[in-house]
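Q: Here is a sequence with its predicted model. Questions after.
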Amino acid sequence: MNINSIAVTIRAAAAIALIAALSGGCYLLQSAEGQLALMSKREPISRVIDAPSTPAKLRAQLKSVTAIRNFASHELGLPDNGSYRKYADIGRPYVVWNVVAAPEFSVEPKKWCFPIVGCVGYRGYFVETKARKFAAGLHAQGFDVVVGGVAAYSTLGHFDDPILSTMVSWDDVELAAIIFHELTHQLLYVRNDASFNEALATTVEEEGVRRWLDSQGREKDLSDHLLQHERYLEVIALMGATRDKLRELYAAGLPPPLMRERKREALEALRESYGALRTQWGGHAPFDAWFAQDINNAHLASIATYFACVPGFERELKAAGGNLPAFYRRVRELAKLDQDRRDRLVCGTSADP
């Protein structure tokens, strides 16, 4: 799992940025303009590598991307198309800024609905000031809100997504993670079910990174990656437990002032538990930047979207004997089910109320 794209800010399959623009509107117009501007900056990776003016570090990174991209299709069975075969220097630290909101007394994110992609728990903006202005409006309405920069996203195969300048400072393990994740969205995407889509992509990402490192005989890097993965799971478990406690609290019908105090206590307990883990691990741990923020319901909702159903997909992969084509067939069958049944089978529970 990618520290840069998850711990600093939860990435999202922001395909709505262009696809939703087909239905018009001011928000959708800015999305279309931003996507078209990005597309205009794309260059074939091979051309960038061959250019004498290309910095050595960027050239090396793009060579790694080419190898990773080929591995994704040849070894993981992910779509073999033009995505991540071009490069775009966009001249800013993030490609989009996502706004996630949740009611003051709910751990469920507010949803916005768009053509093709269905309903999702965020809105993405290509301009940070617009994202923050929208977030301020939601905050004024009483929502818990978080704004996060996103380094990469997928248009679900409708366009050839490039490698972005926001990504090339990462190491090749992080690049592999993001490429495997986003290509999984192109492999399968279920309307109105972000938890299914993101957990599937996270599962394939993790399995793909393990196979990528193993194929290169990088035992030390693989060992480090597995240790990091274990630590991620411990932190995610803390967040999940806190989310469950808050859900129970919000259903208790307490007076709002008391509810707010109990909410504050639960979030502070989460921060203290993370601090204990951090000390145990030697003073550094995943999600440091995440915990440096003022945590609220929106933060917890965004994390849950990515990880709540991962154990179910891991069970499916194990049931398929680790065979990815067989796993993909099983997942496609699950995708055909109605959401309540799919949630029970994959997530182990019906959809949250």
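A: Nice, I can see it. Residues are numbered from 1 along each chain as shown.

Q: Only C-alpha atoms from now on, for both contacts and neighbour counts.
A: OK.

Q: residue boundaries of the strands in this protein?
A: Here the chain has its strands, by DSSP state E, at 42-44, 86-88, 96-102, 112-114, 118-120, 123-125, 144-150, 163-164.

Q: what sits up against the first one?
A: Think strand 42-44. With contact meaning Cα atoms under 8 Å, 6 or more residues apart in numbering, strand 42-44 is reached by R85, K86, Y87, A88, D89, P162.

Q: Same question for the second one.
A: For strand 86-88, the external contacting residues (Cα under 8 Å, 6+ apart) are 38-39, 41-45, 48, 161-165.

Q: give me that answer again for 7 Å
A: For strand 86-88, contacts defined as Cα atoms under 7 Å, 6 or more residues apart in numbering pick out K41, R42, E43, P44, I45, P162, I163, L164, S165.

Q: what's the lowest-pLDDT member of those residues?
A: For the contacts of strand 86-88, the weakest pLDDT value sits at K41, with 91.

Q: ok, and the closest non-adjacent residue to it?
A: A88 (5.1 Å; Cα to Cα, 6 or more residues apart in numbering).

Q: that older thread, list only those of the contacts of strand 86-88 flagged as buried.
A: Taking 16 or more other Cα atoms under 10 Å as the criterion, what is buried in the contacts of strand 86-88 is R42, E43, I45, P162, I163, L164, S165.

Q: Please produce JSON lines containing the residues you listed, extended by distance to E230.
A: JSON lines is the format used below for these (distance: Cα to Cα, whole Å):
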{"residue": "R42", "distance to E230": "37"}
{"residue": "E43", "distance to E230": "38"}
{"residue": "I45", "distance to E230": "34"}
{"residue": "P162", "distance to E230": "31"}
{"residue": "I163", "distance to E230": "28"}
{"residue": "L164", "distance to E230": "29"}
{"residue": "S165", "distance to E230": "29"}
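
Q: Tell me the one among the residues you listed nearest to N297.
A: Nearest to N297 among these: L164, at 30.3 Å, using Cα to Cα.

Q: Chain neighbours aside, what residue packs nearest to that closest one?
A: A88 (5.0 Å).

Q: Out of the strands of the chain, flag the one nearest Y232.
A: Comparing the strands of the chain by Cα to Cα, strand 144-150 comes nearest, at 19.2 Å.

Q: That closest one versus strand 96-102: what angle between them?
A: 160 degrees (axes from the mean of the first three to the mean of the last three Cα atoms, to 10 degrees).

Q: What is strand 144-150 packed up against?
A: strand 96-102, helix 128-140, helix 297-307 (3 or more Cα pairs under 7 Å, 6 or more residues apart in numbering; DSSP states H and E).

Q: Export only the CA atoms of the second one, formatted as PDB.
A: Included here for helix 128-140 are C-alpha records, laid out as PDB according to Å, rounded to 0.1, in the frame of the first residue of the first chain:
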ATOM      1  CA  GLU A 128      -7.500  23.600  -4.900                       C
ATOM      2  CA  THR A 129      -9.200  26.900  -4.100                       C
ATOM      3  CA  LYS A 130     -12.400  25.600  -5.600                       C
ATOM      4  CA  ALA A 131     -12.200  22.500  -3.500                       C
ATOM      5  CA  ARG A 132     -11.700  24.400  -0.400                       C
ATOM      6  CA  LYS A 133     -14.500  26.800  -1.200                       C
ATOM      7  CA  PHE A 134     -16.900  23.900  -1.700                       C
ATOM      8  CA  ALA A 135     -15.600  22.300   1.500                       C
ATOM      9  CA  ALA A 136     -16.200  25.600   3.500                       C
ATOM     10  CA  GLY A 137     -19.800  25.600   2.300                       C
ATOM     11  CA  LEU A 138     -20.300  22.100   3.500                       C
ATOM     12  CA  HIS A 139     -18.600  22.900   6.800                       C
ATOM     13  CA  ALA A 140     -21.000  25.900   7.300                       C
END
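
Q: okay, and for the stretch 251-353 of the chain, where does confidence drop off?
A: Along the stretch 251-353 of the chain, segments meeting pLDDT under 70 span 349-353.

Q: now with 50?
A: 350-353 (pLDDT under 50).

Q: Would you map the helices across it?
A: 256-280, 288-291, 297-307, 310-319, 324-335, 339-342 (DSSP state H, counting those that start in this stretch).

Q: again, but for the stretch 101-250 of the chain
A: Counting by DSSP H, counting those that start in this stretch, one finds helices in the stretch 101-250 of the chain at the ranges 128-140, 172-187, 194-215, 219-250.
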